[in-house]
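S.K.: sequence unknown, structure follows:
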């Protein structure tokens, strides 16, 4: 075999080997341990980091107007006074850009001049809203027990699983208050139109 034939054979071999190398390099590097060492510092691709909770919008809790305390009366004197204490909230990201919110409420029931030790309920209302739109609202009858010889008792409420849709996840409010949830005002009833007089 002449030198010219040997050179031609080597060139053809190089041309055939070129596409094969290119195809091998184009494969996903997640399955290539050697490439992963250079890219990630290990033979396998590390799992993706979870969303940063610091990036989740989580507004402070507002107390509804007049909702920080509540009195119950007995014979014209104060039986108990209910007060809100510490308020807390937690927000975590969910599917599709939504946010899941948990709200915690602590409060206290104090005996008044007309009260006596026993078991008392505190009506707690938690509301999430965006502007005038209510996203979620829950009412809970919290229970506080005041033992004999004591003048106060505490209660705790934890409401889980409020889901804020993605459209409102960056601009919503959390409200907590004592008492019944406010109801929207009813539209005034329209009087029926008077019947037209009969022709005669």
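M.R.: Looks like it arrived, so ask away. It should be emphasised that the depicted structure is a prediction, and the values quoted were computed from it without experimental measurement.

S.K.: please count neighbours and contacts with C-alpha atoms only from this point.
M.R.: OK.

S.K.: can you point me to the longest strand in the chain?
M.R.: Using DSSP state E, we find that the single longest strand of the chain is strand 77-93.

S.K.: so which elements touch that strand?
M.R.: Helices and strands touching strand 77-93, by 3 or more Cα pairs under 8 Å, 6 or more residues apart in numbering; DSSP states H and E, are strand 61-63, strand 69-74, strand 99-111.

S.K.: which other residues reach the shortest one?
M.R.: Outside of strand 61-63, the residues within contact range by Cα atoms under 8 Å, 6 or more residues apart in numbering are 87, 88, 89, 173, 174, 175, 176, 177.

S.K.: confidence score at the nearest residue to residue 166 once chain neighbours are set aside?
M.R.: Once flanking residues are discounted, residue 166 sits nearest to residue 98: 4.1 Å by Cα to Cα, 6 or more residues apart in numbering. For residue 98, the pLDDT comes out at 97.

S.K.: can you give me phi and psi for residue 98?
M.R.: Note on residue 98: backbone dihedrals following degrees, to the nearest 10 are phi -80, psi 170.

S.K.: re earlier: tell me what angle the longest strand of the chain forms with strand 69-74.
M.R.: Here the directions of strand 77-93 and strand 69-74 differ by 150 degrees (axes from the mean of the first three to the mean of the last three Cα atoms, to 10 degrees).

S.K.: in stretch 140-148, what counts as buried?
M.R.: In terms of neighbour count (16 or more other Cα atoms under 10 Å), stretch 140-148 has its buried residues at 140, 142, 143, 144, 145, 146.

S.K.: quick check: closest non-adjacent residue to the second one.
M.R.: For residue 142, ignoring the flanking residues on the chain, the nearest one in space by Cα to Cα, 6+ apart is residue 122 at 4.9 Å.

S.K.: surely that neighbour touches residue 139?
M.R.: No: the criterion here is Cα atoms under 8 Å, and residue 122 misses it with residue 139 at 10.2 Å.

S.K.: now do the strands in this protein.
M.R.: Using DSSP E, strands in the chain cover 61-63, 69-74, 77-93, 99-111, 118-130, 133-146, 152-164, 173-178.

S.K.: identify the residues contacting the fourth one?
M.R.: The one in question is strand 99-111. Under the criterion Cα under 8 Å, 6+ apart, residues 56, 79-94, 117, 120, 122, 126, 144, 151-166, 169 lie in contact with strand 99-111.

S.K.: and residue 142, how far from residue 60?
M.R.: 22 Å (Cα to Cα, to the nearest Å).

S.K.: what's around residue 71, how many residues?
M.R.: 15 (other Cα atoms under 10 Å).

S.K.: for the nearest residue to residue 87 once chain neighbours are set aside, list each beta-bridge partner.
M.R.: Closest residue to residue 87 apart from its sequence neighbours, by Cα to Cα, 6+ apart: residue 105 at 4.8 Å. Beta-bridge partners of residue 105, counted by DSSP bridges, are residue 87, residue 157.

S.K.: what about residue 105, how many residues close to it?
M.R.: By other Cα under 10 Å, the residues close to residue 105 number 21.
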